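Chemist: Provide a 3D model corresponding to the input given below.
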Amino acid sequence: IVSFFGEKLSERVQLSGTYNVRKGKMQLPVNRWRRRRVILCGTCLIVSSVKDSQAGKMHVLPLIGGKVEEVRKHSHCLAFSSSGPQSQTYYVSFENFTEHLRWQRQASKMVSQRISSVDLSNCSLEQLPPNLFYSQDLTHLNLKHNFLDASRSLVELQRFSKLRSLNLSNNHLGHFPLSICSIATLTEVNLSCNCLSSVPSAVGDMRNLQTFLLDGNRLSDLPDELGDLPQLSYLGLTFNEFRQVPTVLEQLGAVERLCMAGNELGTLTLQAFRLLRIKHIDLRYTHFMVPDEPDFLRHVTHLDLRDNQLSELDASLFPKLEVLHCERNHLGSLKLRGTFLKGLYASSNEICQLEICPMPSNLTYMDVSRNRLESLPEWLCDSKKLEVLDVNHNQLSQLPERLLCSGSLRKLLAGYNQLQKLPEKLEGSQMEVLDIQHNQLSELPASLFLKADSLRCLNASANQLESIPPSSLSEESRSSLQELYLTNNRLTDKCVPMLTGHGHLRVLHLAYNQLQSFPASKMAKLEELEEVDLSGNRLKAIPTTILNCKRMHTVIAHSNCIEVFPEVMQLSDMKCVDLSCNELSEVTLPENLPPKLQELDLTGNPRLALDHKTLDNIRCFRIDQSPSSFSANEASAAPAVWSHGYTEASGVKNKLCVAALSVNNFGENREALYGVFDGDRNVEVPYLLQCTMGDVLAEELHKSKSEEDYMTSTFLVMQRKLGTAGQKLGGSAVLCHIRHDPTDPGGCFSLTTANVGKCQAILCRDGKPLPLSVLHNVGVAEEYQRVRQHKAIVTEDNKVNGVTDSTRIMGYSFLYPSVIPQPHVQTVVLTPQDEFFILGSRGLWDSVSPAEAVEAVRNVPDALAAAKKLCTLAQGYGCGESLSAVVVQLSVSEDCCCCCCELGAPPPPSPGLFPPPINVVIRDALPPPSSCSEISSEVSTSEMSSEVGSTASDEPPQSALLPEAHAGVSFPAEQRAVGGGGGAGSCALHPVCLAGSFQRQLSSATFSSALSDNGLDSEDEEPIAGVFSNGTRVEVEADVHCLRAREHPVSSQPPVPETPDRTESEEAADEHEGGGMAEVPRKAEPAGGAESGSTRTLGKRRGNGSVAPQERSHNLIEIATDAPTRKPGGYFTAPAQPDPEDQFIIPPELEEEVKEIMKQHQQEQQQQQKPHPTDQAADTYDTPL
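Modeler: Numbers count the residues shown, from 1 in each chain. Modelled structure (predicted):
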């Protein structure tokens, strides 16, 4: 806390200085004047000794409601007094009148202030803090999500005589706090989720109460005294244990909104409702049956019947109904009156017949998406006020002929249907947004852009379009189109001239069409273009006139035939350039790169040669490794068992809230690990999961558990680490682990998948998608019952306590036990029929169905291009969220199920047909190894910083790859792709040279303790083992499990025979002789340090392409209270990492001489050996140097 305020103090300090200070009454002789440091900060006066001012020993005097008086007996002296019965006074003597006057004026402003609102939510309070009562004028007090007890903590609330709003939801009250009943000024009280079983009769004393929320408790009845509240207009009773409507509601004449969702209502008792004036009724999750009576609730205007498993509904019983919500039921038909109807929300049903009579003349919003409608009623064309019509995911083959002529319709969503043609009549159209993606359209109306001149956004992706209509018949165009999505069609070069009339076009997506060129003269006319996606075509160049688009910030043109790098780097607003999977051979860049450039992706261009040193200012630069750095043996390697490609794309707000994990070689046996993490709107959580989850899984694997056990333990341990690190938000996660059971040498590879949240994985088997994941939400009966058992509430948007729509997800520890991190675990045995599997984030699966995803990438030979195609399709379909996709291609044969150690068969090939490309990432302003890279989030409530060396991807450290990448020297065998394989006769399932040993090394992580409750700032607690305090930083001994090649030298030349006396220097000399260079032993490489199936990076890509440098490997969130103890076995017994400074490096010119000295020394040692040389410890051999 001291550290946190030490950083933030300077922002709030108004006045400060060193003056003579005296405490207490002036008459007491024991109080003497002393020299003190005085600070006026915020609304407080801070007094401390001069030497302790930086150590945090200070006295804080709140000034609100207090006094600032001039002391007449002393010149230039002021008396500062706090308010309340235990007020204190400090006398400060200033040196001159100017100082005296300035302090008096500033402090007088603080004294006169009155705080009216205080928010102490999520502060882990067990009792009310004393300083809360310094101001008696509070009107709004928020104490939700704490640990307050009604018996002892809330008695003092009676002191707030002006309190109007009180929020005590999600505490540990247990019973109703009687003390609040005496606060007559209260108008709003929230006591939700407190396990209340009854409401006392004293509640009738709160005569001014207008809003009373009692949701998520154990109430089954209400007292009659509740009827004495004449102003009560909103009563929340959702998710309690009511079996019938409380009779006291008949006395509440002012109540207009009644929320009874989630109760145990059976057949609705009409007699209780007829006497009420209630207009808004919430009956979600009640599973009730509406009785068939003609005179039913004439006064009801808003009815919510969502999630009730209704199979039929006759809403015509509500004659004055204005808004009806009946989503997520099983309705086959819907009938209601349209006299007063304004909004109809009926998505996710089975409606095939819709009857509304009379015609709804006041209807403004209609959502009947995800149903079985085959046609729409004609009266929609005559509705004068209809603005939004959503008919997505139905079975429509045509639209009403006059629908697009509506003068009121602004937004039409008709995607995912069977439309073959749109209506031609467009006169008077006021359409602004038209979504007709995923239909069977071969053409658009010829007059679409001519008559619908208000159209701003058109999405016609995933159709069969071969051309688009013209924007005008002359050179002048009235088009106001700003966003045009035509991804995944059959457009040719003939459509390009039709785009020039859209002068206001900002976003253009033409990916995966049949374009062969984009004329420069046409691009020159799109001057307002900001984002263009031309991926998946046959383009050979980007037009040079793209420089006319001064606002351009994103150019995506991967998977083409582009040979020349476009001149986009001259545009000052450029942020992202993706030209991967092309045929670039050279790149010419200007000296001054765009200041906002965040990503330059040039992977998948095998002929590209580029000087990396010229790109120091780019945050993330990705390029393939030069083919010359691979040996001929690797180039002729056999096909891979698995290889992967992954991609990440930021959302519309330029935030990358997803992360991908890819480790082609994981563990000591032949294994692989892949994962995708989605933090929704949070940047920090997926980053933490990416950098740490592989290490946790490696630790759990050492315990030899079953697939379900070690996967479940991985997620639970990760949950504890997130909570201990102070991370209150959460995210979705999916992990896929390929392994070969070491206890079954003749067995096949198995794929174990675990997921929480909305990240999912699917397996393509025989061309069909096989789900490997399960979504957990309140729509699943078992999950809903568990959530209800723990007295949580479900809001209208189907979120638990209004926070998350997933009932199993990482993080969100404050929602436990309603929301848990227990994953769904599924294991399948890989067969030759398995082609590939896909891992994706929430945004990907919300936009692309599993069947479409399999069909889209099944014929794409390159895994990187396949992953990029999936994300590009999702963006073309309108997804604005962050996206991440991992595609792992499989080539499982019968030979892969046999262990050559047992059968004597030749080893099956290792992953990598060709050596994979390496993403050479050059990052500006790299911090020194001792510094910490700060991780921040706009949404996250935790503030932490740590030095990050990611172990999440199979990438070697910078110190190892940069010299070789620049010098063009070939990699040693153990650093190259696994396709090199082992020696003859070695087993591919238990390779000798594969990177597989997990090592343990120290990691120092520093955390800001502002919002974390780790107890590290208490002077009364003993230091925790494994934690070293260093000022305001906390250094933690963390466990980082890194994949590292074994120490056996691999060379094309015969190895030198070893003797028991063989020294480290001799091995270095022999390796230098055989491989052409002496390799200095390095620190442990990150997990999967061997290779990446399609891309490798020197740093971890973050923030729309930024990279966390890998100077050292760190476990980000291994902190004090979670510091592991040293256990026997497992990775704790791994050998220590050799320090490069301790190694002997032999200069080439002295190589022969040193080898001769070593040989002589070895012979002398053999002559002087004892009779039993095995009695001598292995680490006590002498060395010549």
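Chemist: Am I right that Gly878 is in contact with Asp435?
Modeler: Yes: between Gly878 and Asp435 there is a contact at 7.1 Å, judged by C-beta atoms under 8 Å. The way it works is simple: take the backbone N, C-alpha and C, and place the C-beta from them, glycine included.
Chemist: which residues are common contacts for those two?
Modeler: Taking C-beta atoms under 8 Å, 6 or more residues apart in numbering as the criterion, Gly878 and Asp435 both touch Asn459.
Chemist: who's in contact with the nearest residue to Ser49 once chain neighbours are set aside?
Modeler: Distance criterion C-beta to C-beta, 6 or more residues apart in numbering; nearest residue to Ser49, sequence neighbours excluded, is Arg36 at 6.2 Å. By C-beta under 8 Å, 6+ apart, the contact set of Arg36 is 18-21, 47-50.
Chemist: Max pairwise distance over those residues: which two?
Modeler: Asn20 and Ser48 (14.2 Å; C-beta to C-beta).
Chemist: The helix or strand harbouring Arg622 pairs with which strands?
Modeler: Assigned by DSSP states H and E, Arg622 belongs to strand 621-623. According to DSSP bridges, strand 621-623 forms sheet pairs with strand 599-602 (parallel).
Chemist: And the average pLDDT for the partner strand is what?
Modeler: Mean per-residue pLDDT for strand 599-602: 86.
Chemist: when you give positions from now on, start the count at 146
Modeler: Okay, residue one is now 146; in that scheme the one you just asked about reads as strand 744-747.
Chemist: how about it as PDB, C-alpha atoms only?
Modeler: Extracted as PDB, the C-alpha positions of strand 744-747 are listed here (Å, rounded to 0.1, in the frame of the first residue of the first chain):
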ATOM      1  CA  GLU A 744       3.000  -5.200 -37.000                       C
ATOM      2  CA  LEU A 745       4.800  -6.300 -40.100                       C
ATOM      3  CA  ASP A 746       4.200 -10.000 -41.000                       C
ATOM      4  CA  LEU A 747       6.300 -11.400 -43.800                       C
END
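Chemist: thinking again about what came up before, from the contacts of Arg181, which is closest to Glu628?
Modeler: Distances from Glu628 to these, taken by C-beta to C-beta, are shortest for Ser193, at 58.4 Å.
Chemist: Quick check: beta-bridge partners of the closest one?
Modeler: As for beta bridges, Ser193 partners with Arg182 under DSSP bridges.
Chemist: can I assume it is in contact with Arg182?
Modeler: Yes: assessed by C-beta under 8 Å, Ser193 is found in contact with Arg182 at 5.0 Å.
Chemist: Between the two ends of stretch 376-383, how far is it?
Modeler: 20 Å (C-alpha to C-alpha, to the nearest Å).
Chemist: Stretch 356-364 too?
Modeler: For stretch 356-364, the first-to-last residue distance is 17 Å (C-alpha to C-alpha).
Chemist: tell me the mean pLDDT for it?
Modeler: Mean pLDDT, stretch 356-364: 92.
Chemist: What of stretch 870-885?
Modeler: 89.
Chemist: Just the CA atoms of that stretch, as PDB, please.
Modeler: In PDB, the C-alpha atoms belonging to stretch 870-885 read as follows (Å, rounded to 0.1, in the frame of the first residue of the first chain):
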ATOM      1  CA  ALA A 870      -1.700 -12.500  -8.200                       C
ATOM      2  CA  GLY A 871      -4.700 -10.200  -7.500                       C
ATOM      3  CA  GLN A 872      -6.300 -10.800 -10.900                       C
ATOM      4  CA  LYS A 873     -10.100 -10.400 -10.400                       C
ATOM      5  CA  LEU A 874     -11.200 -10.800 -14.000                       C
ATOM      6  CA  GLY A 875     -11.000 -14.000 -16.000                       C
ATOM      7  CA  GLY A 876     -10.900 -15.600 -19.500                       C
ATOM      8  CA  SER A 877     -11.700 -18.600 -21.500                       C
ATOM      9  CA  ALA A 878      -9.100 -21.300 -22.300                       C
ATOM     10  CA  VAL A 879      -8.700 -24.400 -24.300                       C
ATOM     11  CA  LEU A 880      -5.700 -26.800 -24.200                       C
ATOM     12  CA  CYS A 881      -4.900 -29.700 -26.600                       C
ATOM     13  CA  HIS A 882      -2.200 -32.100 -25.500                       C
ATOM     14  CA  ILE A 883      -0.800 -34.800 -27.900                       C
ATOM     15  CA  ARG A 884       1.100 -37.500 -26.100                       C
ATOM     16  CA  HIS A 885       2.200 -41.100 -26.500                       C
END
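Chemist: Just the buried ones from the contacts of Arg181, in ChimeraX syntax?
Modeler: Only the buried entries of those go into this ChimeraX selection, using 16 or more other C-beta atoms under 10 Å:
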select :164,165,166,192,193
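Chemist: I figured His885 was touching Leu896, is that so?
Modeler: No: under the criterion of C-beta under 8 Å, His885 is not in contact with Leu896, lying 11.1 Å apart.
Chemist: Pick out whichever of those two has more residues nearby.
Modeler: Leu896 (25 against 22; other C-beta atoms under 10 Å).
Chemist: Partner strands of the helix or strand hosting the more buried one and their direction?
Modeler: For Leu896, the host element (DSSP H and E) is strand 894-901. When sheet partners are counted by DSSP bridges, strand 894-901 sits next to strand 875-885 (antiparallel), strand 969-974 (antiparallel).
Chemist: quick one: the following helix or strand past that strand to strand 875-885, angle?
Modeler: Under the assignment DSSP H and E, the closest C-terminal helix or strand after strand 894-901 is strand 905-910. Orientation check (axes from the mean of the first three to the mean of the last three C-alpha atoms, to 10 degrees): strand 905-910 against strand 875-885 gives 30 degrees.
Chemist: What lies in contact with strand 905-910?
Modeler: Residues outside strand 905-910 that contact it (C-beta under 8 Å, 6+ apart): 879, 881, 896, 898, 900, 914-918, 920, 973, 976, 978-985, 990, 995, 998-999, 1003.
Chemist: rerun at 6 Å
Modeler: Contacting residues not belonging to strand 905-910 are listed as 879, 881, 898, 914-918, 978-984, 990, 995, 999 [C-beta atoms under 6 Å, 6 or more residues apart in numbering].
Chemist: now, which of these lie within helices?
Modeler: 990, 995, 999 (DSSP state H).
Chemist: Now distance to Gly924 and pLDDT too, for these, in JSON lines please.
Modeler: Converted to JSON lines, those look like this (distance: C-beta to C-beta, whole Å; pLDDT from 0 to 100):
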{"residue": "Trp990", "distance to Gly924": "15", "pLDDT": "95"}
{"residue": "Pro995", "distance to Gly924": "18", "pLDDT": "95"}
{"residue": "Val999", "distance to Gly924": "24", "pLDDT": "96"}
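Chemist: Helices along the stretch 296-445 of the chain, start to end?
Modeler: Using DSSP state H, counting those that start in this stretch, the helices of the stretch 296-445 of the chain run over residues 415-419.
Chemist: Lys556 - how many residues pack around it?
Modeler: Lys556, neighbours per other C-beta under 10 Å, totals 16.
Chemist: Over to Arg250?
Modeler: 11.
Chemist: For the helix or strand that contains it, C-alpha coordinates in CSV please.
Modeler: Taking DSSP H and E as the criterion, Arg250 maps to helix 242-257. This file holds the C-alpha atoms of helix 242-257, laid out as CSV (Å, rounded to 0.1, in the frame of the first residue of the first chain):
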residue,chain,number,x,y,z
PHE,A,242,2.8,35.4,5.8
THR,A,243,2.7,34.3,2.1
GLU,A,244,3.1,30.6,3.1
HIS,A,245,0.5,31.1,5.8
LEU,A,246,-2.0,32.6,3.5
ARG,A,247,-1.6,30.0,0.7
TRP,A,248,-2.1,27.1,3.1
GLN,A,249,-5.1,28.7,4.8
ARG,A,250,-6.9,29.3,1.5
GLN,A,251,-6.2,25.8,0.1
ALA,A,252,-7.1,24.0,3.3
SER,A,253,-10.3,26.0,3.7
LYS,A,254,-11.5,24.6,0.4
MET,A,255,-10.9,21.0,1.6
VAL,A,256,-12.7,21.6,4.9
SER,A,257,-15.8,23.0,3.1
